[in-house]
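# Provided below are the primary sequence and the corresponding predicted coordinates.
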Amino acid sequence: MQKRAFVLGASGQVGAAVVNTLVEYGWQVTAGGRRLREWTDGVRGVQVDRNDDASLTTALGDGHDVFVDCVAYTEQHGRQLAGLTDRVGSAVVLSSFSVYADGNGHTLDESTGLDDFPSMPVPIPESQQTVPPGPDTYSTRKVALENVLLNSSLPVTVLRPGAIAGPGSVLPREWYFVRRALDRRPVQILGYRGASLFHTTTTANLAELVRLAAERPGSRVLNAGDPDPLTVRQIATAINDMLEHRPEEVLLPDLGPDGIGETPWSVPRPYRLDLTAAERLLGYRPVTGYQAALPALVDWLVAAAGRQDWQMAFPRFARVYGSSAFNYAAEDAWLAARSGRHPGR
């Protein structure tokens, strides 16, 4: 009998990848989201408000083998999902690698620089301590969510992805280098000598892990990431090569004034996930690498930005990184004061 999956948040970048992967492997999928969209054969789209229990219950109908939650963020969401044991056989829920804390309690959410940036083992295992649960930050809310689910009677796989990358992203970190390449920015300034490593997770690999967890129900926490993640310098080089851009490179030992040299992946210490548990428990084998997946993402970014102002195309990027991501005047002034010449001359 064909297995049935319900994917909540199906209209987002991760949800869409999950839907397509499950269908490819023979699942019958119900795609739930705040807005309806057209799907391929084998997918039933439903409009659902996850903050309305009745709406979710109606959308679930007579039940599904697995519930995939791509938009769970709070303890309340966890309680809502834990209460669906009569309608779903198991669940796969997305958390985040930001939940980890070091031995001094330092976390990604609260870090302001080198002094309080978490000093993690490399790579980070799932056994690493986390922030305490609570309502204060994105990560404490995620831990509260995790705790409710892992203490429920519902078999739940909690996945902790890194910096998610893929077409359709609302926060496409890659736009930082794509726009600079399109602008033919003559200088590329990278803090921490471009050696920052902030583990990426392509949507294709995350969807594959969801599929494997759906096929092997259980209660566990697993890291989710790409094989051999790239450094910031390697990401910049890969994107520049695709767009035939050759900027002059300036590598700084840390960051310049006002964050000059900071990118969306810039961290003073490596933040890399241990993937061996996913390999051992689920037989996880990545379906792609970050660099192999980059061309499709770069093509999407160029096309999306070409249709409208980039701040409209990527509003969350604009909110998170703001104009500072492309403050060329400040960079030029700093470079001129540092070298006595205008950059690019």
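Yep, that arrived.
# from here on, just use CA atoms for contacts and neighbour counts.
Fine.
# which residues in the stretch 51-200 of the chain form strands?
Here the stretch 51-200 of the chain has its strands, by DSSP state E, counting those that start in this stretch, at 64-69, 88-94, 156-161, 163-165, 187-190, 200-202.
# can I get the fifth one in CSV, CA atoms only?
In other words, strand 187-190. Extracted C-alpha coordinates of strand 187-190, given in CSV (Å, rounded to 0.1, in the frame of the first residue of the first chain):
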residue,chain,number,x,y,z
VAL,A,187,37.7,44.3,-4.5
GLN,A,188,36.6,41.4,-2.3
ILE,A,189,37.3,41.8,1.4
LEU,A,190,37.1,38.7,3.6
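# residue ranges with poor pLDDT in this structure?
Across the chain, the ranges flagged by pLDDT under 70 are 340-345.
# give me that answer again for 80
1, 36, 40-42, 323, 339-345 (pLDDT under 80).
# and the closest residue in space to residue 31 that isn't next to it in sequence, how far from residue 24?
Sequence neighbours aside, residue 45 is the residue nearest to residue 31 in space, at 4.7 Å (criterion: CA to CA, 6 or more residues apart in numbering). Going from residue 45 to residue 24 by CA to CA, to the nearest Å gives 17 Å.
# residue ranges for the strands of the stretch 201-345 of the chain, please.
Under DSSP E, counting those that start in this stretch, the stretch 201-345 of the chain gives strands at 220-224, 248-251.
# who's in contact with the longest one?
Counting contacts by CA atoms under 8 Å, 6 or more residues apart in numbering, the residues outside strand 220-224 that touch it are 97, 125-126, 150, 156-162, 201, 205-206, 209, 273-275, 277-278.
# for that strand, which positions count as buried?
Across strand 220-224, burial judged by 16 or more other CA atoms under 10 Å covers 220-224.
# and if you look at stretch 307-322?
Neighbour counts over stretch 307-322 (16+ other CA under 10 Å) mark 310, 313-314, 317-318 as buried.
# of those, closest to residue 176?
Here the nearest of the buried residues of stretch 307-322 to residue 176, counting by CA to CA, is residue 317; it sits at 9.1 Å.
# show me the contacts for the closest one.
So residue 317 contacts 170-173, 311 (CA under 8 Å, 6+ apart).
# of these, grab the buried ones for PyMOL.
Buried residues within the contacts of residue 317, by 16+ other CA under 10 Å, are selected in PyMOL with:
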select buried, resi 170+171+172+173
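# which ones are touching the spatially closest residue to residue 15 that is not a sequence neighbour?
Nearest-residue entry for residue 15: residue 9, 5.5 Å, with adjacent residues in sequence omitted and distances by CA to CA, 6+ apart. Residues near residue 9 by CA under 8 Å, 6+ apart: 15, 31-34, 69-71.
# out of these, which end up buried?
15, 31-33, 69-71.
# now for those residues: which two are most distant?
Greatest spatial distance among the buried ones among the contacts of residue 9 (CA to CA): 31 and 71, at 12.8 Å.
# spit out the residues that contact these two alike.
8-9.
# ok, now which ones touch the spatially most central residue of the chain?
With distances taken as CA atoms, centre = their mean, the residue of the chain nearest its centroid is residue 164 (2.2 Å). Going by CA under 8 Å, 6+ apart, residue 164 touches 200-203.
# now residue 167: closest residue in space that isn't a chain neighbour?
residue 297 (5.0 Å).
# what sits against that neighbour?
165-167.
# repeat the analysis, applying 10 Å as the threshold.
By CA atoms under 10 Å, 6 or more residues apart in numbering, the residues touching residue 297 are 165-169, 172, 174-175, 202, 303.
# helices - which of those residues land there?
Those of the contacts of residue 297 mapping onto helices are 175, 303, per DSSP state H.
# out of the contacts of residue 297, give me the one that has the most neighbours.
Neighbour counts for the contacts of residue 297 (other CA atoms under 10 Å) peak at residue 202, which has 29 neighbours.
# and the buried residues of stretch 307-322, which is closest to residue 330?
Nearest to residue 330, judged by CA to CA, of these is residue 318 at 17.9 Å.
# related to what we said a few turns ago, now distance to residue 339 too, for the buried ones among the contacts of residue 9, in JSON lines please.
Listed next are the buried ones among the contacts of residue 9 as JSON lines, based on distance: CA to CA, whole Å:
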{"residue": "15", "distance to residue 339": "48"}
{"residue": "31", "distance to residue 339": "56"}
{"residue": "32", "distance to residue 339": "55"}
{"residue": "33", "distance to residue 339": "53"}
{"residue": "69", "distance to residue 339": "52"}
{"residue": "70", "distance to residue 339": "48"}
{"residue": "71", "distance to residue 339": "48"}
